[in-house]
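Q: Requesting a structural model of the entry that follows:
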Amino acid sequence: MSGADDKADVVRVLAGDVSAFTEIVRRWQGPLVTLAYRFCRDRGRAEEMAQEAFLRAYRGLAQWRGEGAFSTWLFALATNLYCTELRRIPARAVPLELITEPRDAHRHDAAYEQADTERVVRRAVLALPAKYREALILFYFHDMDVAAASASLNIPEGTVKARLARGRDILRKKLAPRLFAPMVRKEA
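A: Predicted structure coming up:
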């Protein structure tokens with residue numbers, strides 16, 4: 001994915017070649033759907049949200065000044081849309097108290113236990129308040145650094161760091177008893 005390709009396609013679209021936007025969609029569709037899925041955990045809804053993000057990007061393409069990477073602008077637009085959409089119609093959240101432990105704590109199949117642990121953690125992240133959930137999803141699940149997450153959420157980097165720390169703290173307190181209880185032995 002080349003920044004030069006993005007810039008060239010944007011110039012073509014703004015000059016009237018609407019078909020050039022197809023290349024932008026082709027290049028960024030997978031990442032935007034993946035980002036949306038990490039917010040809502042529903043493939044159909046993620047595709048709809050990504051489609052809306054592309055529609056808004058097309059309509060607002062002239063607002064991209066070309067100073068930063070097109071992808072940063074596009075992801076910020078998409079993140080804002082996804083956050084707004086999830087506030088309007090929240091993803092079905094499961095309260096942390098209802099998250100079950102891995103099914104069989106005595107099973108020694110590492111892949112099974114890892115998958116179960118990841119599932120529990122993802123559900124716990126989705127149950128967090130939106131401001132912590134959004135920062136954690138961008139940073140951990142979408143591999144953005146603090147600066148990119150800050151740009152996507154349109155908040156200062158210090159706020160992103162604080163939300164990451166607070167979100168991790170909440171998760172640590174809620175998940176530690178569930179995930180590590182089988183490993184702790186009580187002394188006789």
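
Q: Quick one: name whatever helix or strand follows the lowest-mean-pLDDT helix or strand in the chain.
A: In the chain, the helix or strand scored least confidently by mean pLDDT, DSSP states H and E is helix 110-126, which has a mean of 73. Using DSSP states H and E, the helix or strand that follows helix 110-126 in sequence is helix 130-136.

Q: For that next one, list every residue counted as buried.
A: Across helix 130-136, burial judged by 16 or more other Cβ atoms under 10 Å covers 131, 132, 133, 134, 135, 136. (Each C-beta comes from the backbone N, C-alpha and C, glycine too.)

Q: and the first one, what does it touch?
A: For residue 131, the residues meeting the contact criterion (Cβ atoms under 8 Å, 6 or more residues apart in numbering) are residue 163.

Q: And it, what's its pLDDT?
A: Listed pLDDT for residue 131 reads 90.

Q: For it, give its distance to residue 171.
A: Distance of residue 131 to residue 171, given as Cβ to Cβ, to the nearest Å: 14 Å.

Q: what's the domain layout of the protein?
A: Following automatic domain parsing, one gets these domains for the chain: 3-88, 96-183.

Q: In terms of mean pLDDT, which of the ones you listed ranks lowest?
A: Comparing mean pLDDT across the domains of the chain, the weakest is domain 96-183, with a mean of 78.

Q: Tell me which two of the buried residues of helix 130-136 sit farthest apart.
A: For these, the farthest-apart pair by Cβ to Cβ is 131 and 136; their separation is 9.9 Å.

Q: list residues touching both of these two?
A: The overlap between the contact sets of residue 131 and residue 136 (Cβ under 8 Å, 6+ apart) consists of residue 163.

Q: residue ranges of the helices in this protein, please?
A: Under the criterion DSSP state H, the chain contains helices at 3-14, 20-40, 43-59, 70-88, 110-126, 130-136, 146-153, 157-180.

Q: relative to helix 43-59, how tilted is the second one?
A: Following axes from the mean of the first three to the mean of the last three Cα atoms, to 10 degrees, one obtains 140 degrees for the angle between helix 20-40 and helix 43-59.

Q: who does helix 20-40 touch, helix- and strand-wise?
A: helix 3-14, helix 43-59, helix 70-88 (3 or more Cβ pairs under 8 Å, 6 or more residues apart in numbering; DSSP states H and E).

Q: Done for today, thanks.
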